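Visitor: just coords:
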């Protein structure tokens with residue numbers, strides 16, 4: 001697996017709640033590429049809970065939406081916006097869990113409409129949340145205007161540790 005370098009880091013006005021490392025209120029996700037998948041290991045925190053020790057469903061949806069967006073950027077070398085999102089909550093996600101693993105992949109593209117499937121698993125590997133996102137992918141020229149010229153990968157690593 002290889003880390004996906006954040007192409008927006010350091011750009012003026014970049015403050016994404018999902019992936020900007022400088023956004024103190026955000027979730028600060030980082031992404032990795034492995035084959036057709038984009039992966040993320042994320043540590044839940046009590047500040048993101050809904051019910052006691054339970055990750056808020058809106059935060060789960062955010063995590064799914066964000067990893068799907070990065071799957072579009074990685075696989076198609078563009079960016080876009082969410083047109084539709086379905087989230088299936090299958091099992092409670094605990095904020096006391098050591099980590100959560102997310103995985104997403106592009107499953108279909110028809111012109112500028114892209115379908116991405118994602119899962120959120122607890123540290124036991126149990127699927128807790130599933131997502132299906134439909135994206136409108138911008139033309140590459142628009143993505144370049146927004147700062148995405150290419151999705152660069154870092155060196156090969158063995159694990160998240």
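Guide: Arrived safely. Worth saying up front: this structure is predicted, and the values here are computed from it rather than measured.
Visitor: was I right about residue 3 contacting residue 34?
Guide: No: look at residue 3 against residue 34 with CB atoms under 8 Å: they stay out of range, at 10.6 Å. Yep, even glycine has a C-beta here, placed from its N, CA and C like the rest.
Visitor: Which of these two has more residues huddled nearby?
Guide: The residue with more neighbours, out of residue 3 and residue 34, is residue 3; 17 against 11, by other CB atoms under 10 Å.
Visitor: Can you classify the more buried one by secondary structure?
Guide: What DSSP: H, G, I helix; E, B strand; the rest coil gives for residue 3 is strand.
Visitor: now the strands: where do they sit in the protein?
Guide: Using DSSP state E, the strands of the chain run over 2-4, 32-34, 37-42, 80-89, 100-110, 113-121, 127-137, 153-156.
Visitor: Could I get those in a markdown table, plus columns for mean pLDDT and distance to residue 53?
Guide: Formatted as a markdown table, those follow (pLDDT from 0 to 100; distance: least, CB to CB, whole Å):
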| stretch | mean pLDDT | distance to residue 53 |
| --- | --- | --- |
| strand 2-4 | 96 | 30 |
| strand 32-34 | 97 | 27 |
| strand 37-42 | 98 | 16 |
| strand 80-89 | 97 | 16 |
| strand 100-110 | 98 | 14 |
| strand 113-121 | 98 | 16 |
| strand 127-137 | 98 | 14 |
| strand 153-156 | 92 | 34 |
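Visitor: Is residue 100 in contact with residue 119, as I believe?
Guide: No: the pair residue 100 / residue 119 is not scored as a contact, 10.2 Å apart, by CB under 8 Å.
Visitor: Compare those two (neighbour count), which wins?
Guide: More crowded of residue 100 and residue 119, by other CB under 10 Å: residue 100, with 22 against 18.
Visitor: Now do the spatially most central residue of the chain, the pLDDT please.
Guide: Nearest to the geometric centre of the chain sits residue 67, at 1.5 Å (CA atoms, centre = their mean). pLDDT, residue 67: 98.
Visitor: And for the one 5 residues further on?
Guide: In this model, residue 72 is scored at 97, pLDDT.
Visitor: The helix ranked longest in the chain versus strand 113-121: what angle between them?
Guide: Ranked by residue count, the top helix of the chain under DSSP state H comes out as helix 57-76. Helix 57-76 runs at 130 degrees relative to strand 113-121, counting by axes from the mean of the first three to the mean of the last three CA atoms, to 10 degrees.
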